[in-house]
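Trainee: Have a look at this prediction, sequence included:
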Amino acid sequence: MLKVNWPDGKRIAIMVAFDIDAELMWMLRNDENAKHPTNISRGHYSVRQGVPRILKLLQEENIKATFFTPAWVAERAGPDSRHP
């Protein structure tokens, strides 16, 4: 078994990553989903409520993470956006 010497005597390393796709994944799977209020609502919730909660938790626990977000989602959810 390979022995790894982590910094500061740590015993394990993990990577934390999040995919923030909002409603885009539902819309790409089926054109009808763009008219489906439940799927659109889930997508909006992930950006408006989920991401701020995740960021707060990461900050409180001093955890670094990576976020993967399609440009379409980032543009629609940006600070100047009118995205609900």
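Mentor: Great, that's in hand.
Trainee: so where is the chain shaky, pLDDT-wise?
Mentor: Within the chain, the segments meeting pLDDT under 70 span 78-84.
Trainee: Please list all residues in contact with the most centrally placed residue in the chain.
Mentor: Centroid-nearest residue in the chain: residue 20, 3.3 Å away (criterion: Cα atoms, centre = their mean). Applying Cβ atoms under 8 Å, 6 or more residues apart in numbering to residue 20 gives the contacts 46-47, 51, 67-69, 73. C-betas here are computed from N, CA, C, even on glycine.
Trainee: ok, now with 6 Å
Mentor: Going by Cβ atoms under 6 Å, 6 or more residues apart in numbering, residue 20 touches 67, 69.
Trainee: Can you list phi and psi of it for me?
Mentor: When read as degrees, to the nearest 10, the backbone of residue 20 gives phi -110, psi 90.
Trainee: Relative to residue 11, how far out is it?
Mentor: Counting by Cβ to Cβ, to the nearest Å, the separation of residue 20 from residue 11 is 30 Å.
Trainee: Quickly note the distance from the nearest residue to residue 46 once chain neighbours are set aside to residue 43.
Mentor: Spatial nearest neighbour of residue 46, excluding adjacent residues (Cβ to Cβ, 6 or more residues apart in numbering): residue 22 at 5.7 Å. In this view, residue 22 and residue 43 are 4 Å apart by Cβ to Cβ.
Trainee: what kind of secondary structure is residue 26 in?
Mentor: Following DSSP: H, G, I helix; E, B strand; the rest coil, residue 26 is assigned to helix.
Trainee: quick thing: my sequence starts at 21, can you match it?
Mentor: Sounds good: first residue 21 from here, last item residue 46.
Trainee: So it versus residue 53, what's the distance?
Mentor: Going from residue 46 to residue 53 by Cβ to Cβ gives 4 Å.
Trainee: ok, back up a step: need the contact list for the residue nearest to residue 66.
Mentor: The contact partners of residue 42, taken as Cβ under 6 Å, 6+ apart, are 63, 66-67, 93.
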